[in-house]
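show me how the following folds:
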Amino acid sequence: MLHYHLEVKVDPEQKFLSGINTMKYEVTAKGEVLQIDLQDPMQLDKIIQDGQELQVSSIGSAHFVQLIKNQLIGKVYEIEFHFSGKPVVAVRPPWDGGLTWTKDSNGLPFIANANQGIGSSIWWPNRDHPADEPDQGVLISVEVPENLMDVSNGRLIKTDHNKKAKTKTYHWEVKNPINNYGININIGDYVHFGEKYSGEKGPLDMDYYVLRENLEKAKVQFKDATRMMKAFEHWFGPYPFYEDGFKLVEAPYLGMEHQSSVTYGNGFANGYRGTDLSDTGWGMKFDFIIIHEAGHEWFANNLTNKDVADMWIHEGFTAYSENLFLDYHYGTDASNAYVLGTRKRIANDKPIIGPYGVNKNGSSDMYYKGANLLHTIRQIINNDEQWRQILRGLNSEFYHQTVTTAQIENYISQKAAIDLSPVFDQYLRDIRIPILSVVKKANTMSYRWENSVQSFDMPIRVYVGEKEIWLKPTTKWQEIELEEENQLISLDQNFYAGLMIVKGNDELE
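Below you'll find the model as predicted:
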């Protein structure tokens with residue numbers, strides 16, 4: 001897929017959409033049938049190519065279009081999808097997905113989409129798969145009543161005033177590849193303020209759009225946006241979409257990671273809806289939605305999973321970005337405390353990685369178990385600058401790409417010069433938390449990993465008395481001598497593992 005031009009007219013009173021999506025594509029293989037996705041109750045009204053109306057057959061939300069004949073490999077074609085309807089209304093956005101139709105305190109419409117899980121085809125026709133991004137970006141043209149504004153992804157290139165219809169059309173251009181679920185419309189009585197940020201790739205436009213009634217609160221709360229940018233460019237490398245700028249846009253739901261148009265609805269307060277998800281106090285030092293959803297610009301929008309089974313690439317790294325933000329601004333002790341505090345939210349109910357090829361993700365543990373996995377790998381590497389270069393390297397090696405977890409795992413192992421595959425298997429594909437089993441007898445200590453995959457061999461830092469010792473356990477018993485008898489043994493809690501001590505066991509299997 002090369003490019004979309006999405007034109008949509010929004011009727012707030014009828015909660016109705018109508019429009020045309022013009023798709024540009026290059027033929028890569030023989031065939032004259034193209035699948036496009038659009039979910040009920042939205043309808044495909046007609047499909048036009050080279051002035052001809054095309055035939056289409058449908059199976060559910062998948063529509064199979066008979067293209068004009070003799071599609072030549074290597075040639076670029078365009079096709080128009082005319083659509084209309086009342087899209088699904090989101091009951092609990094952003095989790096259930098759809099359109100949100102609300103009003104602000106002045107009674108003016110306040111409208112937005114959020115459709116990561118349910119898919120972008122819930123409101124407009126497209127190739128609705130995470131691996132099929134428009135490589136040359138998208139032009140988004142949104143027609144709204146004249147007293148409202150639309151804010152979408154990328155840069156505003158022009159506004160048309162339609163005096164007869166009493167509407168305005170806002171044209172937003174995205175130059176970079178973009179995941180389809182990240183394409184958004186936000187409609188309301190918006191006011192704008194912004195700033196220039198001096199970033200790693202030069203001046204970056206940072207723009208903020210909020211309801212008129214919330215302007216003064218936003219001017220204070222959105223200072224976290226530049227704090228976010230400083231921390232994440234340090235840890236992850238340059239913001240991936242300088243050409244399209246960065247925006248925070250107020251929305252009538254909690255928020256989401258729409259590329260270059262991050263939506264915000266956290267009540268202009270620190271924490272997650274005013275609470276600290278870690279219960280350590282550190283979660284109240286930042287606005288969760290600004291930090292978390294903007295973190296997705298690097299992990300979800302720059303690096304996008306090819307299959308939603310690997311959604312941990314989006315959510316695990318981004319949950320981890322929360323404590324790296326704290327690390328940058330408040331120090332490593334704050335960072336450690338926060339990520340350890342989130343462990344109570346881990347259920348270990350099922351593997352983080354879901355089944356492939358069926359549009360199904362794994363456990364919601366992908367967030368904070370994913371973050372604790374990455375925090376544990378930071379301890380294993382035991383070199384923060386090397387770890388930082390690995391995180392930055394991921395964003396440059398796989399810049400604007402769709403990726404698999406195998407690519408991510410292999411890259412980290414290669415750059416760390418450590419085979420971390422047993423560690424990834426343990427935390428991504430198993431629900432057990434490994435336990436370091438220790439047997440003390442006189443002045444010897446035997447140890448091995450239990451409750452783990454057979455190949456598990458994660459090195460770990462322990463404390464014997466007050467002395468720090470690195471162990472390299474496997475699932476087989478090993479033994480070391482202690483300097484003194486009856487010394488207290490404890491794990492470094494920054495490793496996500498448990499400890500079991502048995503005294504005087506004479507028979508070790």
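
what are the buried residues along the host helix or strand of Glu216?
Take DSSP states H and E as the rule and Glu216 turns out to sit in helix 215-221. Within helix 215-221, the residues scored as buried using 16 or more other Cβ atoms under 10 Å are Ala218, Gln221. Placement of C-beta: from N, CA and C, glycine included.

what does stretch 376-387 give?
Those buried within stretch 376-387 under the rule 16+ other Cβ under 10 Å are Thr376, Ile377, Arg378, Gln379, Ile380, Ile381, Trp387.

contacts for it next, please.
By Cβ atoms under 8 Å, 6 or more residues apart in numbering, the surrounding residues in contact with stretch 376-387 are 332, 390, 412, 415-416, 418, 420, 423, 427, 458-459, 461, 492, 494-497.

off-centre distance for that stretch?
Distance of stretch 376-387 from its chain centroid, counting by Cα atoms, centre = their mean, to the nearest Å, is 23 Å.

show me how the record splits the protein into domains.
In terms of domains, the chain is parsed into 294-429, 435-503 (source: automatic domain parsing).

Asn115: which of those is closest?
With Cβ to Cβ as the measure, domain 294-429 is the member of those nearest Asn115 (13.2 Å).

got the end-to-end distance for the closest one?
Domain 294-429 has an end-to-end distance of 27 Å (criterion: Cα to Cα, to the nearest Å).

next one: stretch 455-468
So stretch 455-468: terminal residues 25 Å apart, Cα to Cα.

run the chain-centre distance for it.
33 Å.

again, but for stretch 170-185
Remark: stretch 170-185 is offset 16 Å from the chain centroid, using Cα atoms, centre = their mean.

next, the distance between the ends of it.
The straight-line separation of the ends of stretch 170-185 (Cα to Cα) is 10 Å.

got it, and stretch 75-93?
Using Cα to Cα, the two ends of stretch 75-93 sit 40 Å apart.

any buried residues in it, and which?
Tyr77, Ile79, Glu80, Phe81, His82, Phe83, Gly85, Lys86, Pro87, Val88, Ala90, Pro93.

got it, and stretch 452-464?
Result for stretch 452-464 [16+ other Cβ under 10 Å]: buried residues Ser452, Val453, Phe456, Asp457, Met458, Ile460, Val462, Val464.

after the helix or strand hosting Gly370, next one along is what?
Applying DSSP H and E as the criterion places Gly370 in helix 368-381. Remark: after helix 368-381, the chain's next helix or strand is helix 384-397, criterion DSSP H and E.

mean confidence for that next one?
Across helix 384-397, pLDDT averages out at 98.

next one: stretch 464-477
Here the average pLDDT along stretch 464-477 is 95.

what about Thr102, how many residues nearby?
12 (other Cβ atoms under 10 Å).

mind listing what the nearest residue to Pro177 once chain neighbours are set aside touches?
Closest residue to Pro177 apart from its sequence neighbours, by Cβ to Cβ, 6 or more residues apart in numbering: Glu133 at 4.5 Å. Residues in contact with Glu133 (Cβ under 8 Å, 6+ apart) are Met1, Pro177, Ile178, Asn179, Asn180, Thr304, Thr402.

most neighbours out of those, which is it?
Most surrounded of the contacts of Glu133: other Cβ under 10 Å gives Ile178, at 27 neighbours.

check contacts around that residue.
Glu133, Pro134, Gly137, Val138, Asn153, Gln259, Asn301.

okay, and which of the residues you listed map to strands?
Per DSSP state E, strands hold the following members of the contacts of Ile178: Val138.

okay, the contacts of Ile178 in a markdown table with pLDDT and distance to Gln478 next?
Formatted as a markdown table, the contacts of Ile178 follow (pLDDT from 0 to 100; distance: Cβ to Cβ, whole Å):
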| residue | pLDDT | distance to Gln478 |
| --- | --- | --- |
| Glu133 | 94 | 48 |
| Pro134 | 96 | 54 |
| Gly137 | 97 | 55 |
| Val138 | 98 | 56 |
| Asn153 | 98 | 54 |
| Gln259 | 98 | 49 |
| Asn301 | 97 | 44 |
